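Visitor: coordinates only, sequence not included:
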């Protein structure tokens with residue numbers, strides 16, 4: 001590269017150059033793609049993951065039996081009638097009168113069916129103070145929450161007439177309504193507020209309205225296109241609402257980040273005195289290439305979710321992969337076209353005191369101010385790299401230490417929502433009076449003839465042994481579906497909402513009670529499902545997929561970094577630093593949400609466990625997203641090294657010049673993730689806090705201290721590539737159009753680092 005001429009090599013450089021030359025065509029193709037994707041997706045409709053496909057194991061088998069039998073399980077409801085003091089018993093006339101009133105009231109709504117009295121089903125607590133009236137909602141269980149209001153009102157009216165008793169309703173429909181009323185808008189508010197928050201931070205970062213709008217515009221159009229693609233793809237691999245929310249979160253983060261990288265580099269080159277065309281060409285060859293490397297790495301990380309075998313994870317992984325790919329393509333195609341079209345107009349809408357050209361910043365630009373801060377930090381880091389590694393590395397290991405005792409489980413109702421809702425208190429009262437009654441194990445029995453004498457005898461034996469074994473205190477309810485030859489057996493588990501104790505009861509049912517009863521009848525299937533069983537099956541399957549997912553993500557990320565930087569050392573340190581970042585995030589999660597240390601500071605509670613799906617989800621997401629910063633920073637360091645700087649100078653130059661964009665990108669990510677940390681559900685708080693903490697650590701301690709300190713210690717060994725690996729494909733990029741000092745950039749074996 002001599003005299004300013006740029007030898008264009010690399011996909012990003014060629015794509016950016018073509019788009020800049022054919023800008024209207026590039027913009028038109030992008031708009032057409034977004035419109036077509038949305039139109040085709042809307043026409044195709046979205047296929048969501050079925051309950052029967054959510055899990056493998058017994059939970060899956062039970063759901064399949066129900067699905068194949070064509071049985072629509074209704075939403076079940078329960079009314080707890082409980083004496084407030086110890087004087088009234090279920091045998092007293094006042095109590096009986098209340099039970100009769102409840103039965104009459106709920107039947108009178110016309111919204112329910114199969115109403116049962118506790119005196120018929122023996123659902124009376126051992127102390128005689130509590131009883132349960134049970135019934136099912138008419139119609140589709142998925143929409144039962146929309147029809148339960150008259151029933152809740154009828155129960156409230158009965159409560160007003162019986163002040164000495166506590167009369168409360170709980171069940172699938174009432175919980176659905178309560179949660180929709182209390183938290184239904186939570187996700188929507190979070191999703192809607194994420195865009196303005198990102199835009200506000202970009203306005204501060206760029207100081208110009210047009211420049212700030214471009215990243216948000218690209219991210220939003222990428223998300224819109226991906227939503228359409230999800231509809232099409234869902235006919236091959238079903239999607240879900242959770243996958244949609246995760247896609248939006250990831251799409252906004254990477255879409256804004258990628259544009260931020262590109263725009264900052266293009267602006268930097270123009271401020272350095274280059275003409276618009278050259279600045280755009282440099283941005284395409286450098287930041288554009290970093291975006292592709294980062295995007296492919298993130299896609300590989302997201303693809304790791306496909307190895308879990310869990311339908312929900314597979315949906316999240318594929319949706320995230322698609323939005324990252326779309327945002328990446330948009331960043332290296334339509335963004336150069338828009339920048340070429342706008343030219344200097346990208347600085348339109350300048351905001352006083354924020355724009356670099358304003359009077360306040362003429363001699364003290366925002367970038368320079370940030371550079372001075374990082375220059376001061378780096379001066380100490382590079383002067384004492386050993387101490388920096390020991391202190392920063394030791395601090396992160398200390399933060400990660402609590403993760404060693406991580407406990408994962410699906411959160412129960414009281415863990416998920418605390419005592420903030422009255423229905424949670426009802427849930428706890430039901431569990432105290434009838435352990436496991438609010439979430440019983442469900443045995444789905446399939447036989448050739450459900451009414452055969454040996455099957456009926458086995459069902460009766462199962463009911464008796466479930467209680468005599470100590471797994472349940474009863475009552476065990478049996479519902480027959482004669483036409484389908486299916487029976488449902490509902491077994492309240494000893495342990496109730498304590499999933500560890502309830503899990504022991506479940507094991508007793510599966511390993512002892514079932515083989516001795518139903519297991520002895522030929523042709524009978526009896527998988528056991530329910531909340532406790534689902535949590536256990538989910539944990540078991542997830543545990544089996546952890547090693548394959550970790551191995552896939554780490555190995556492929558290592559390979560991509562090796563090909564992209566042609567350095568064995570860079571690839572290895574990238575993996576180690578990212579793992580350290582993830583470990584620190586795990587430690588913070590366990591400390592805050594499992595042990596409750598400082599939980600009140602983030603509006604959370606120590607619930608004693610981490611939601612089952614979060615650790616693997618965080619690993620995949622964070623490992624992918626952290627590569628954004630890593631690739632961007634290391635690319636600038638390598639670029640400076642190839643221009644002839646010493647490794648130490650290149651490190652300082654690379655970190656300082658990228659400090660502004662990395663800081664801005666990190667602030668956006670932390671702010672967006674922190675929004676999810678404000679939601680009422682503990683699982684969403686865990687996700688938001690975990691992601692925000694990890695990104696903050698990654699952008700500061702990892703990229704600002706550990707990375708430069710480790711690279712300073714390694715010196716020229718940073719660029720080490722064994723001779724036997726020189727035949728690997730060369731995916732490096734052309735550097736900025738400055739004359740490279742030939743022969744000055746050499747590896748530790750005396751060979752010039754390839755450009």
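Guide: Yes, it's here. On a predicted model such as this, the values are computed, not experimentally measured, just so you know. Numbering: from 1, shown residues only.

Visitor: Low-confidence ranges, the stretch 601-750 of the chain, go.
Guide: Applying pLDDT under 70 to the stretch 601-750 of the chain picks out residues 730-750.

Visitor: how about the strands of it, start to end?
Guide: Along the stretch 601-750 of the chain, the segments classed as strands by DSSP state E, counting those that start in this stretch run 610-611.

Visitor: again with the stretch 51-200 of the chain
Guide: Here the stretch 51-200 of the chain has its strands, by DSSP E, counting those that start in this stretch, at 76-83, 112-116, 130-137, 165-171.

Visitor: got TSV for those, with mean pLDDT too?
Guide: Below are those laid out as TSV (pLDDT from 0 to 100):
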stretch	mean pLDDT
strand 76-83	91
strand 112-116	91
strand 130-137	92
strand 165-171	91
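
Visitor: looking at the protein, which helix or strand is least sure?
Guide: Ranked by mean pLDDT, DSSP states H and E, the weakest helix or strand in the chain is helix 366-383, scoring a mean of 71.

Visitor: Can you check which of the strands of the stretch 51-200 of the chain gets nearest to residue 567?
Guide: Closest approach to residue 567 among those (Cβ to Cβ): strand 165-171, 59.9 Å. For glycine as for every other residue, the C-beta is placed from the backbone atoms N, C-alpha and C.

Visitor: Neighbouring strands - and their directions - for that closest one?
Guide: strand 76-83 (antiparallel) (DSSP bridges).

Visitor: Taking strand 130-137 as reference, get the angle to the strand it pairs with.
Guide: Using axes from the mean of the first three to the mean of the last three Cα atoms, to 10 degrees, one finds that strand 76-83 and strand 130-137 are set 160 degrees apart in direction.

Visitor: Let me know the angle separating strand 76-83 from strand 112-116.
Guide: Calculated by the same axes, to 10 degrees, strand 76-83 forms an angle of 40 degrees with strand 112-116.

Visitor: Tell me how far strand 76-83 lies from the chain's centre.
Guide: Computed by Cα atoms, centre = their mean, to the nearest Å, the chain-centroid distance of strand 76-83 equals 36 Å.

Visitor: do stretch 625-645 as well
Guide: For stretch 625-645, the distance to the chain centre is 28 Å (Cα atoms, centre = their mean).

Visitor: what's the answer for stretch 125-142, then?
Guide: Put simply, stretch 125-142 sits 35 Å off its chain's centre (Cα atoms, centre = their mean).

Visitor: buried residues in that stretch?
Guide: Across stretch 125-142, burial judged by 16 or more other Cβ atoms under 10 Å covers 125, 129-137, 139, 141.

Visitor: Using JSON lines, lay out those residues together with distance to residue 510.
Guide: Rendered in JSON lines, the data for the buried residues of stretch 125-142 read as follows (distance: Cβ to Cβ, whole Å):
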{"residue": "125", "distance to residue 510": "27"}
{"residue": "129", "distance to residue 510": "32"}
{"residue": "130", "distance to residue 510": "29"}
{"residue": "131", "distance to residue 510": "30"}
{"residue": "132", "distance to residue 510": "26"}
{"residue": "133", "distance to residue 510": "30"}
{"residue": "134", "distance to residue 510": "25"}
{"residue": "135", "distance to residue 510": "29"}
{"residue": "136", "distance to residue 510": "27"}
{"residue": "137", "distance to residue 510": "30"}
{"residue": "139", "distance to residue 510": "33"}
{"residue": "141", "distance to residue 510": "26"}
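
Visitor: how about the helices in the stretch 451-600 of the chain?
Guide: Remark: helices assigned in the stretch 451-600 of the chain by DSSP state H, counting those that start in this stretch are 453-468, 499-508, 514-516, 531-565, 568-589.

Visitor: among the ones you listed, which is the most enclosed?
Guide: Mean neighbour count (mean count of other Cβ atoms under 10 Å) peaks for helix 568-589 among these, with a mean of 22.

Visitor: so where is the stretch 451-600 of the chain shaky, pLDDT-wise?
Guide: Applying pLDDT under 70 to the stretch 451-600 of the chain flags the ranges 497.

Visitor: mind running it again at 80?
Guide: Across the stretch 451-600 of the chain, residues meeting the criterion (pLDDT under 80) sit at 474, 496-500, 543, 600.

Visitor: coming back round to it: could the strands of the stretch 51-200 of the chain be laid out in a markdown table, adding distance to residue 181?
Guide: As requested, the strands of the stretch 51-200 of the chain are exported to a markdown table (distance: least, Cβ to Cβ, whole Å):
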| stretch | distance to residue 181 |
| --- | --- |
| strand 76-83 | 17 |
| strand 112-116 | 20 |
| strand 130-137 | 17 |
| strand 165-171 | 14 |
